[in-house]
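Student: no FASTA, just this:
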């Protein structure tokens with residue numbers, strides 16, 4: 001394959017580059033119609049043909065989850081509780097100080113040590 005000249009490459013790239021200030025997608029991202037979500041809602045509210053009492057899929061799934069939780073399934077129990085009461089907040093332990101004055105004093109100390117090293121010719125190390 002022959003090597004492309006610099007001018008040919010520039011001309012080729014200029015044909016494919018965006019013009020400054022012009023959007024490559026003027027219509028923007030298409031609005032999601034949410035078809036999957038809509039379809040799930042429709043299907044889940046239909047009657048389950050296997051259920052003799054004519055319950056919907058949502059009712060069948062809810063009964064199954066409750067049955068599994070009652071049988072000792074921790075996963076089903078957690079899912080039910082999370083849906084009913086929301087997930088519990090988790091705390092995060094933070095150690096150390098993040099105060100501005102503390103950071104500021106450390107920076108000033110390091111700068112002073114750097115200045116000392118600069119005048120001493122670098123014979124010491126920063127602590």
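Tutor: That came through fine. Keep in mind that what you see is a predicted model, and the values were worked out from it rather than measured.

Student: what about the helices in the chain?
Tutor: Ranges of helices within the chain are 6-16, 35-44, 57-70, 74-85, 100-120, based on DSSP state H.

Student: In the protein, where is pLDDT below threshold?
Tutor: 1, 33, 97-101, 121-127 (pLDDT under 70).

Student: Where do the domain boundaries of it fall?
Tutor: As given by automatic domain parsing, the domain ranges for the chain are 35-86, 98-127.

Student: just how off-centre is the first one within its chain?
Tutor: Computed by C-alpha atoms, centre = their mean, to the nearest Å, the chain-centroid distance of domain 35-86 equals 27 Å.

Student: Out of the helices of the chain, which gets nearest to residue 50?
Tutor: Using C-beta to C-beta as the criterion, the shortest distance between residue 50 and the helices of the chain is 7.9 Å, found for helix 57-70. Where C-beta positions appear, they are placed from N, C-alpha and C, glycine not excepted.

Student: Give me the contacts around the closest one.
Tutor: The list of residues contacting helix 57-70 from outside it, by C-beta atoms under 8 Å, 6 or more residues apart in numbering, reads 43-46, 48, 50-51, 55, 75-77, 79-80.

Student: want to throw the domains of the chain into JSON lines with distance to residue 3 and mean neighbour count?
Tutor: Conversion of the domains of the chain to JSON lines gives the following (distance: least, C-beta to C-beta, whole Å; neighbours: other C-beta atoms under 10 Å):
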{"stretch": "domain 35-86", "distance to residue 3": "49", "mean neighbour count": "12"}
{"stretch": "domain 98-127", "distance to residue 3": "49", "mean neighbour count": "10"}
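
Student: Arrange the ones you listed in JSON lines, one row each, with distance to residue 26 as further columns.
Tutor: Compiled in JSON lines, these are given as follows (distance: least, C-beta to C-beta, whole Å):
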{"stretch": "domain 35-86", "distance to residue 26": "24"}
{"stretch": "domain 98-127", "distance to residue 26": "45"}
